[in-house]
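Undergrad: no sequence on this one, just coordinates:
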């Protein structure tokens, strides 16, 4: 379900801080595409106003008195299902709460930046507008993730993958909006005895990728960790590119290693960490013997990486529109002609096992 074209996006702001309520309203209200229809000081009032006002989008603070944001989110999803954008602190606790909220049905999140830095405020303003408008066109009917653990081997299928004759030594996965939940769905369905190394680039701030990798590791059969400089891609292990910087792959001895680089070294990549850079450098160093996967996300990050992978003889797999929270990244690959296979989310993990297993 998406919102009707041409109508203003009606937003409810829920935050216990009067400063944040005013700041968010001050950013959203002047935009001609957005109407702020109300505000609430805690989760209790947020639930009541969600039922009363029926907004299109709710910005929901995570930490509030009387009723926290996650409890309020769950009640809203039960009583008046609405697209919710979580506003999270840049802490490990904020990250963990955010991922719980995403699993409970939140569409996306935005890191709360309340510093006095003019640059930080400018970034928060741009990201808030971007994410509210992105949430408004998101697919709102998503299944709750049900991790499969442990998976020893892919299920028997009547037809084998048409790409089993391709040489696959590595897997690179890219995602953005909707990606935290989608990636968990995919990784939970890859067998524990998977014979290749996997690296993931998902657009997240620095404080979030570590707790996210820990959460995935606890919920999936594969070994999953946040990558650090010098980590080697190993069979059966998933490395999550750290937030706040870019990740490239380089040859190290007989293997392939992670090289983390500051964003200033690659100003052409506006998404961080860049899926394009991760995918391109991995495809180059392994001479195309890899599978590239693009999941849900805003924008077109990953298209150039998948294009380069295809030119090197690699295999590409893309999430379909019907199961993507945001169709931007998959759409760019499909319409650009670089998707070998297009599949629903719940089949992608199994297919990775079949193609590369």
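TA: Structure received. Given the structure is predicted, the values throughout are model-derived calculations rather than measurements.
Undergrad: tell me the domain ranges of this protein?
TA: 9-136, 170-356 (automatic domain parsing).
Undergrad: any idea which of those is most buried?
TA: Among the domains of the chain, domain 170-356 has the highest mean neighbour count (mean count of other CB atoms under 10 Å), at a mean of 21. The way it works is simple: take the backbone N, C-alpha and C, and place the C-beta from them, glycine included.
Undergrad: what separates it from the chain centre, distance-wise?
TA: 11 Å (CA atoms, centre = their mean, to the nearest Å).
Undergrad: any idea of the mean pLDDT for that domain?
TA: For domain 170-356, the mean per-residue pLDDT is 95.
Undergrad: Can we start the residue count at 644 from this point?
TA: Got it, the first residue is 644 from now on, which makes the last one we talked about domain 813-999.
Undergrad: tell me the helices in the stretch 694-843 of the chain, going along the chain?
TA: Taking DSSP state H, counting those that start in this stretch, the helices of the stretch 694-843 of the chain run over residues 712-722, 735-747, 761-779, 822-830.
Undergrad: Tell me which other helices or strands the longest one touches.
TA: In other words, helix 761-779. strand 652-657, helix 661-671, strand 677-683, strand 700-704, strand 726-732, strand 751-755 (3 or more CB pairs under 8 Å, 6 or more residues apart in numbering; DSSP states H and E).
Undergrad: Next, the angle helix 712-722 makes with the fifth one.
TA: For strand 726-732 and helix 712-722, the angle between their directions (axes from the mean of the first three to the mean of the last three CA atoms, to 10 degrees) works out to 180 degrees.
Undergrad: who touches strand 726-732?
TA: Residues external to strand 726-732 that are found in contact with it (CB atoms under 8 Å, 6 or more residues apart in numbering): 658, 663, 667, 699-706, 712, 716, 719-720, 737-738, 740-741, 744-745, 748-755, 774-775, 778-779, 781, 783.
Undergrad: Work out the sheet partners of that strand and label each with its direction, please.
TA: strand 700-704 (parallel), strand 751-755 (parallel) (DSSP bridges).
Undergrad: State the distance from residue 738 to residue 778.
TA: Distance of residue 738 to residue 778, computed by CB to CB, to the nearest Å: 19 Å.
Undergrad: In the chain, which residue is most central in space?
TA: The chain has residue 822 as the residue nearest its centroid, 2.5 Å off, counting by CA atoms, centre = their mean.
Undergrad: Report the contact partners of that residue.
TA: Residues in contact with residue 822 (CB under 8 Å, 6+ apart) are 845, 846, 938, 939, 940.
Undergrad: ok so, going back, averaging pLDDT over each of the strands paired with strand 726-732, report the lowest-scoring one.
TA: When I compare the strands paired with strand 726-732, strand 751-755 is least confident, with a mean of 90.
Undergrad: now the angle from that strand to helix 735-747?
TA: 160 degrees.
Undergrad: which residue sits closest to residue 813, ignoring its sequence neighbours?
TA: Closest residue to residue 813 apart from its sequence neighbours, by CB to CB, 6 or more residues apart in numbering: residue 933 at 4.2 Å.
Undergrad: So which of the contacts of residue 822 is the closest to residue 810?
TA: Proximity to residue 810 was ranked across the contacts of residue 822 by CB to CB; first place goes to residue 938, at 23.4 Å.
Undergrad: what residues are up against that closest one?
TA: 816-818, 821-822, 825-826, 829, 962, 967, 972-973, 988, 991.
Undergrad: One more pass at 6 Å, please.
TA: Residue 938 sits next to 818, 822, 825, 962 when contact means CB atoms under 6 Å, 6 or more residues apart in numbering.
Undergrad: next one: residue 969
TA: 777, 781, 820, 821, 939, 940, 941.
Undergrad: Kindly recompute the last result at 8 Å.
TA: By CB under 8 Å, 6+ apart, the residues touching residue 969 are 777, 780, 781, 782, 819, 820, 821, 939, 940, 941.
Undergrad: now do residue 900
TA: 873, 874, 875, 876, 892, 893, 894.
Undergrad: Looking at the residues you listed, which are in strands?
TA: Counting by DSSP state E, the part of the contacts of residue 900 found in strands is 892, 893, 894.
Undergrad: any idea which element the closest residue to the second one other than its chain neighbours lies in?
TA: In space, and not counting its chain neighbours, residue 893 is closest to residue 902: 4.8 Å by CB to CB, 6+ apart. With the criterion set as DSSP states H and E, the secondary-structure element containing residue 902 is strand 898-904.
Undergrad: Does anything pack onto the next helix or strand after that strand? Which helices or strands?
TA: For strand 898-904, the succeeding helix or strand toward the C-terminus, using DSSP H and E, is helix 918-928. With contacts defined as 3+ CB pairs under 8 Å, 6+ apart, helix 918-928 has these neighbours: strand 813-818, strand 840-845, strand 889-895, strand 933-937, helix 946-954.
Undergrad: Please name every helix or strand in contact with the next helix or strand after the longest one.
TA: On the C-terminal side of helix 946-954, the closest following helix or strand by DSSP H and E is strand 958-962. Other elements packing on strand 958-962 under the criterion 3+ CB pairs under 8 Å, 6+ apart are strand 933-937, helix 946-954, helix 971-978, strand 984-986, helix 988-999.
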